[in-house]
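> Output the structure for:
(2 chains)
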Amino acid sequence: MLVVPEREQLPVADARAGNAEAWKTLFRRYRLPLYVYVFELLHDEQASLDLVQEAFISAFRHIGSLRDDEKFGGWLFSIAHQKCIQQWRRQDREAELREELWPETEAGSPDPLDVLLREEQEAEFMKLLEKLPLAQRSAFLLHFIEGFSLEEIARITGTQVGTVKSRLHYAKQALRKLLEEDAS
Amino acid sequence: MKTPREILLKLHRSVEPKLDQMWNESLAPELQSGRAHAREASTVRPNLFLAAGWKLWRELVLPSRRIWAGLACAWVVIAVLNLASSEPTTEVVSQSKPRSGEELRALIEQRQMLAQLIGPLSTPSYIQKRTAPGPRSERVIQTTAV
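Below you'll find the model as predicted:
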């Protein structure tokens, strides 16, 4: 069963009004998931910490542009995603590789994946995550960490819903393969 | 048994103290300074026109106050002179009112006397009527004769 956080009531309106306590609550809610997302894309602790900080500072400054308070999470992750892209561009590392690894593929199964991993599978899972191309990893992380919908992931990553579908499909296929191999 | 989310969060939970430190050292002060800026902006906005007026006064008028005072005096003098010079024109206007019958009669008599003394005025040459030019053939003959 896919365990994702429920759509909880967050004090976004208070944060919009500049309430420091409300911002602290939002920070405590999203600091770790956001860090995990960024770290699993950048693989650099300091850069990830800096990027989380920049994302929150951007959120402080531009909360006025957020139209729907319920979409705060997706909005925050989209800021972080854009900053990841900027980071990649700055570093200009693996640029060609990323271009090769982000193919536009056909839409895959949109069924949610019911995944429960045993303790001995955790290391394998992390290895698998490492192996996934960045685009698939990004979609996979957004789906599993925050339970964002395909539309939300598409909005965060600035891609088409069909593309997100296919990326998730391939990521899930790889994970399923891992689980099957382990079972056999 | 754990979900991928639980695995990922557990794996990175050790970074939480660093994230909290980030809040205390960078984000909370940033948020406070941002709020201070916002508060400042909101208090300044209603007095925008007053502030602009004061700034104009301070930067445009005060530094060259003697020049402005001189200009003001000059304008006052010009205005006074203008008012003073406008009085005779009203007299002229009043003088140019339609004359009485006696005045008109005296004027006509004066003109008649002048005409008797000097005689009728001959019309100047430039007012004389121009004759239409003759046929082209006649002109040619005249020129050949000369």
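> separation between A:Val161 and A:Ser78?
Using C-beta to C-beta, to the nearest Å, A:Val161 is found at 15 Å from A:Ser78. C-beta coordinates here come from the backbone N, C-alpha and C atoms, glycine included.
> ok, the two, which is more surrounded?
A:Ser78 (19 against 16; other C-beta atoms under 10 Å in any protein chain shown).
> where does the more buried one land in three-state SS?
helix (DSSP: H, G, I helix; E, B strand; the rest coil).
> close enough to count as contact, it and A:Ala154?
No - the criterion here is C-beta atoms under 8 Å, and A:Ser78 misses it with A:Ala154 at 10.3 Å.
> what's the weakest-modelled helix or strand in chain B?
Between all helices and strands in chain B, the lowest mean by mean pLDDT, DSSP states H and E belongs to helix B:136-145, at a mean of 56.
> next one: chain A
That would be, for chain A by mean pLDDT, DSSP H and E, helix A:95-101 at a mean of 51.
> After that one, which helix or strand is next?
helix A:122-131 (DSSP states H and E).
> Can you list the helices and strands that the next helix or strand after that following helix packs against?
As assigned by DSSP H and E, the chain's next helix or strand after helix A:122-131 is helix A:134-145. Where contact means 3 or more C-beta pairs under 8 Å, 6 or more residues apart in numbering or on different chains; DSSP states H and E, helix A:134-145 is packed against helix A:20-42, helix A:95-101, helix A:122-131, helix A:150-157, helix A:161-183, helix B:4-12.
> Of the ones you listed, which is nearest B:Arg58?
Closest to B:Arg58 of these is helix A:20-42 (C-beta to C-beta; 36.6 Å).
> Buried residues of the helix or strand following the closest one, list them for me.
Using DSSP H and E, the helix or strand that directly follows helix A:20-42 along the chain is helix A:45-62. Residues of helix A:45-62 classed as buried by neighbour count (16 or more other C-beta atoms under 10 Å in any protein chain shown): A:47-57, A:59-60.
> what's in contact with helix A:45-62?
A:23, A:26-27, A:31, A:34-35, A:38-39, A:42, A:75-76, A:79-80, A:83-84, A:87, B:15, B:18-19, B:22, B:26-27, B:30-31, B:34 (C-beta atoms under 8 Å, 6 or more residues apart in numbering or on different chains).
> Report the buried members of those.
Buried members of these, counted by 16+ other C-beta under 10 Å: A:23, A:26-27, A:31, A:34-35, A:38-39, A:42, A:75-76, A:79-80, A:83-84, A:87, B:15, B:19, B:22, B:26-27, B:30-31.
> For my notes, confirm A:Arg67 occurs in a helix.
No - counting by three-state DSSP, A:Arg67 is located in no helix; its state is coil.
> so who does the residue most central in space within chain A touch?
The residue lying closest to the centre of chain A (C-alpha atoms, centre = their mean) is A:Leu142, at 3.0 Å. Residues near A:Leu142 by C-beta under 8 Å, 6+ apart: A:37, A:77, A:148, A:152-153, A:156-157.
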